[in-house]
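# Provided below are the primary sequence and the corresponding predicted coordinates.
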Amino acid sequence: LTLEEKGSLSEEELVENVYERIKDYLEDETVETVLNMANALKHRWFLFYQGEGLQPAMPRIEEIILIAVWRLQDNAYGVTIHKEVEILTGGTWNLGAIYGPLSRLHKNGYVTVEKGEPVAERGGRSKIFYSLTPEAKDVLRRIHVINSATWEKIPPFINPEEA
């Protein structure tokens with residue numbers, strides 16, 4: 001889609017258009033089609049992925065942190081987000097590794113920050129709670145649509161459900 005074509009579509013129509021294009025590419029197994037798909041993703045993915053900002057796609061860690069915040073709901077603060085990221089990824093993460101991405105997510109308007117009450121067990125310090133903005137929920141929805149379409153026709157040897 002060109003910027004002009006993209007501008008004439010509603011967000012829902014755009015999501016459906018990208019979803020159908022990916023499905024069409026995956027159904028046709030010619031080398032030319034696969035190359036066309038790679039080229040389309042290379043040059044146009046960011047237009048869909050981040051909307052009008054024309055920014056590169058969101059880093060995976062930021063996506064994972066948004067998912068962790070959503071899963072934790074009202075209990076999303078540094079330590080619980082860190083634990084949830086470890087659960088989601090199956091790996092060990094340095095606690096400090098989540099604060100840079102959280103700061104960027106806040107700066108970019110994807111999470112809000114609310115200071116909790118001071119807690120004696122924390123030496124009188126307050127927990128900082130995070131929650132998703134409507135923009136973050138929209139980005140996660142779009143990422144989910146693209147990921148679902150991309151994984152839909154994966155051969156059995158790498159399909160996570162059959163591993």
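In hand now; what should we look at? Numbering: from 1, shown residues only.
# What residues sit buried inside stretch 129-141?
129-130, 132-133, 136, 139-140 (16 or more other Cβ atoms under 10 Å). (Each C-beta comes from the backbone N, C-alpha and C, glycine too.)
# Show me the two of the residues you listed that sit farthest apart.
129 and 139 (20.1 Å; Cβ to Cβ).
# on that earlier part again, please convert the buried residues of stretch 129-141 to CSV, extending it with secondary structure and distance to residue 114.
Formatted as CSV, those follow (DSSP: H, G, I helix; E, B strand; the rest coil; distance: Cβ to Cβ, whole Å):
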residue, secondary structure, distance to residue 114
129, strand, 5
130, strand, 8
132, strand, 12
133, coil, 12
136, helix, 15
139, helix, 21
140, helix, 20
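# from those residues, which single one is nearest residue 58?
Comparing those against residue 58 with Cβ to Cβ places residue 139 closest, at 6.6 Å.
# Which pLDDT value belongs to the closest one?
Looking at residue 139, its pLDDT reads 86.
# Pretty sure it sits against residue 70.
No. Taking contacts as Cβ atoms under 8 Å, residue 139 lies outside contact range of residue 70: 11.2 Å.
# on that earlier part again, out of the buried residues of stretch 129-141, who's nearest residue 89?
Of all the buried residues of stretch 129-141, residue 89 sits closest to residue 140, with 16.4 Å by Cβ to Cβ.
# and the gap between the closest residue to the closest one other than its chain neighbours and residue 155?
In this structure, residue 140 finds its nearest non-sequential neighbour in residue 66, 5.7 Å apart by Cβ to Cβ, 6 or more residues apart in numbering. Using Cβ to Cβ, to the nearest Å, one gets 29 Å for the distance from residue 66 to residue 155.
# pretty sure residue 113 is in a strand, no?
Yes. Using DSSP: H, G, I helix; E, B strand; the rest coil, the assignment for residue 113 is a strand.
# residues touching it, list them.
Contact analysis of residue 113 by Cβ atoms under 8 Å, 6 or more residues apart in numbering lists 106, 128-130.
# Rebuild those as CSV, extending it with distance to residue 121 and pLDDT.
Output for these, formatted as CSV (distance: Cβ to Cβ, whole Å; pLDDT from 0 to 100):
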residue, distance to residue 121, pLDDT
106, 25, 95
128, 15, 94
129, 16, 97
130, 20, 98
